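Student: my questions concern the predicted model and sequence given below.
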Amino acid sequence: MNNKMNIPLSGIIPPLVTPLLDDDVLDVEGLQRLIEHLIAGGVHALFVLGTTGESQSLSYKLRMEMIKNPCRIAKGRLPVLVCISDTSIVESVNLACLAADHGADAVVSAPPYYFATGQPELIEFYEHLLPQLPLPLFLYNMPTHTKVSFAPATIRRIAENPGVIGFKDSSANTVYFQSVMYAMKDNPDFSMLVGPEEIMAESVLLGAHGGVNGGANMFPELYVSLYNAAKNADMEEVRRLQEKVMQISATIYTVGQHGSSYLKGLKCALSLLGICSDYVAAPFHKFEQRERGKIWKALQNLGVDVVLR
């Protein structure tokens, strides 16, 4: 294990967008600007090839580039986590080995999707996967996309393997998340991370270790400050900053009529902020000028002075 990653991993770990110039062309300059922006904003680690990173819409060539380049750009300044979720265990192991070769610190895995697995089958899958991994593993719960949710008892069983060091939950179900925290209460080194930024602060107040929050791509200082306020139980500051996070959620993520509005809004905002391209991988397309104008207005209302272009 790379000794620069503290256990349990805590803080704000942005799920990086994958800056693109085309369906199979990485915006490397935009990626460089994004990572420098995040490091300057004080984030605690980087998470690549997650849902916000459009991993399952990318070719393996692009996925490999999104492993090599962030590791190269980060240069050991903070931990890098690489998502290896796939329908094929062979490809998951291939991505994990590439991540290790390029200096990543851990890998992240959601349940295999397409064929729904039962809880005993999930345990068997990870018992088969773990001995083949060269890096420690975070489990990733994303039931809206995988159609499978880890039962708390399943997480506890899989985490008997010392190579399993944490859990990221994107279910947006606070009762479920608290149930997992309770199931893992005897393992204080097991990192508990929450995905939806709207509930990050309350989760940290109740004992979670941090958040994997997409909005930190845009405003890393805001999310780091909110995390610190929650960690210190500074309720006045939590309330003040939480209002900003909810404003982002209610405006930037709601332009458009479909489930893709979060991703399109986030990438559009990053483009307006001058950080990276707003190209979205197929099957989606970036916002047209009308929607782009709405994102510009949302940024203006957040106090960010950007030029509509």
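Tutor: Here it is on my side, so go on.
Student: CA only for contacts and neighbour counts going forward, please
Tutor: OK.
Student: show me how far stretch 193-210 is from its chain's centre.
Tutor: Offset of stretch 193-210 from its chain centre (Cα atoms, centre = their mean, to the nearest Å): 13 Å.
Student: the one helix or strand Leu62 maps to: how far from the chain's middle?
Tutor: Leu62 belongs to helix 60-74 when assigned by DSSP states H and E. Its chain's C-alpha centre and that of helix 60-74 lie 15 Å apart, by Cα atoms, centre = their mean.
Student: for it, packing partners?
Tutor: For helix 60-74, the elements it packs on are strand 25-26, helix 28-40, strand 46-48, strand 80-83, helix 89-101, judged by 3 or more Cα pairs under 8 Å, 6 or more residues apart in numbering; DSSP states H and E.
Student: which residues does it contact?
Tutor: The contact list for helix 60-74 (Cα atoms under 8 Å, 6 or more residues apart in numbering) reads 18, 24-26, 28, 31-32, 35, 48-49, 55, 80, 82, 95, 98-99, 102-104.
Student: how far is stretch 105-124 from where the chain is centred?
Tutor: Between the centre of stretch 105-124 and the centre of its chain there are 17 Å (Cα atoms, centre = their mean).
Student: list the contacts of it.
Tutor: 1-2, 5, 79-88, 96, 99, 135-142, 145-148, 150-151, 154, 157-158.
Student: ditto for stretch 214-226
Tutor: Stretch 214-226 has contacts (Cα under 8 Å, 6+ apart) with 11-12, 14-17, 34, 37-38, 41-43, 52, 197, 201, 213, 237-238, 241-242, 245, 248, 266, 269-270, 273.
Student: would you mind measuring the gap between the ends of it?
Tutor: Using Cα to Cα, to the nearest Å, one end of stretch 214-226 lies 14 Å from the other.
Student: per-residue confidence averaged over it?
Tutor: Mean pLDDT, stretch 214-226: 98.
Student: which among the contacts of stretch 214-226 count as buried?
Tutor: 11-12, 14-17, 34, 37-38, 41-43, 52, 197, 201, 213, 238, 241-242, 245, 248, 266, 269-270, 273 (16 or more other Cα atoms under 10 Å).
Student: any weak-confidence spans in the chain?
Tutor: Scanning the chain for pLDDT under 70 picks out the ranges 1-4, 309.
Student: residues in contact with the closest residue to Lys294 other than its chain neighbours?
Tutor: Nearest residue to Lys294 in three dimensions, chain neighbours excluded: Val255, at 7.1 Å (Cα to Cα, 6 or more residues apart in numbering). With contact set as Cα under 8 Å, 6+ apart, Val255 has these partners: 261-262, 265, 291, 294-295.
Student: contacts only, for Ala298.
Tutor: For Ala298, the contact set (Cα under 8 Å, 6+ apart) comprises 248, 251-252.
Student: wasn't it part of a helix?
Tutor: Yes - note on Ala298: a helix contains this position according to DSSP: H, G, I helix; E, B strand; the rest coil.
Student: report the separation between it and Cys97.
Tutor: From Ala298 to Cys97 the distance is 41 Å (Cα to Cα).
Student: all strands in this structure, in order from the N-terminus.
Tutor: Ranges of strands in the chain, per DSSP state E, are 11-12, 20-22, 25-26, 46-48, 80-83, 106-109, 137-141, 164-169, 191-194, 210-211.
Student: indicate which one of those strands is closest to Val306.
Tutor: Smallest distance to Val306 across these (Cα to Cα): 21.2 Å, for strand 20-22.
Student: can you tell me the closest non-neighbouring residue to Leu139?
Tutor: Closest to Leu139 by Cα to Cα, 6+ apart is Phe167, at 4.7 Å.
Student: can I assume Ser57 is in contact with Asp86?
Tutor: No - assessed by Cα atoms under 8 Å, Ser57 is found out of contact with Asp86, at 11.3 Å.
Student: neighbours of the residue lying closest to Arg292 once chain neighbours are set aside, how many?
Tutor: Spatial nearest neighbour of Arg292, chain neighbours left out: Cys268 (6.7 Å); criterion: Cα to Cα, 6+ apart. For Cys268, the neighbour count with other Cα atoms under 10 Å is 26.
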